[in-house]
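> Fold the following and give me the result.
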Amino acid sequence: MSKRSRPTGRERFLVSETGNVAEGLWTAGAAVSSTRVFVYGSLCSREPAHARLVGTEFLGERWTQPHYTLLHLGAYPGLLASGETRVRGELYRVSAAQLRELDFYEGHPDEFVRVSID
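All right, here's what the predicted structure looks like:
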């Protein structure tokens, strides 16, 4: 993954070390050799930024519990950790290096906050 210009469509993503996106929210933990990343929006398959996930392991489609609010923020969606909406996304296993690249692409921690979920 390389440095990018301003995106036309972006998403926020959630990270799950357990891979179960059906539980609650928790804060980002220490770096590990690989972690699971839940994506929605332009990083999903058949979407514009999906090529950024080349070399990762696809673990399947997942839905969150109905504890979120999905927002349209113009150029990209936003996800609030409160509400009653289930969010569809995809789960990937990524290396620590790939996670750093995704963080850079997404503008973490300035443009979004990556959070972990059980």
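
> just the strands in this protein please.
14-16, 25-26, 34-39, 57-63, 68-72, 77-85, 88-95, 115-117 (DSSP state E).

> In contact with the closest residue in space to Gln98 that isn't next to it in sequence: list those residues for me.
Excluding the flanking residues, the one nearest Gln98 by Cβ to Cβ, 6 or more residues apart in numbering is Thr56, at 5.9 Å. Backbone N, C-alpha and C define where each C-beta goes, glycine included. Taking Cβ atoms under 8 Å, 6 or more residues apart in numbering, we find Thr56 in contact with 37, 92-95, 98.

> Residue ranges in this protein under the pLDDT threshold?
1-32, 118 (pLDDT under 70).

> Neighbour-wise, give me the winner out of the contacts of Thr56.
Using other Cβ atoms under 10 Å as the neighbour criterion, Val37 leads these with 25 neighbours.

> pretty sure it contacts Val94?
Yes: at 5.2 Å, Val37 and Val94 qualify as touching, with contact defined as Cβ atoms under 8 Å.

> Overlap of the contact sets of the two?
With Cβ under 8 Å, 6+ apart, Val37 and Val94 have common neighbours 56, 102.

> Relative to Leu71, which of the contacts of Thr56 is nearest.
Ranked by distance to Leu71 (Cβ to Cβ), the contacts of Thr56 are led by Val37 at 20.1 Å.

> Give me the distance between that closest one and Pro109.
Applying Cβ to Cβ, to the nearest Å, the value for Val37 to Pro109 is 16 Å.

> same check, this time on Tyr40
For Tyr40, the distance to Pro109 - Cβ to Cβ - is 19 Å.

> and what of Ala51?
Distance from Ala51 to Pro109, by Cβ to Cβ: 24 Å.

> do the same with Ser45
26 Å.

> cool, and Gly78?
15 Å.
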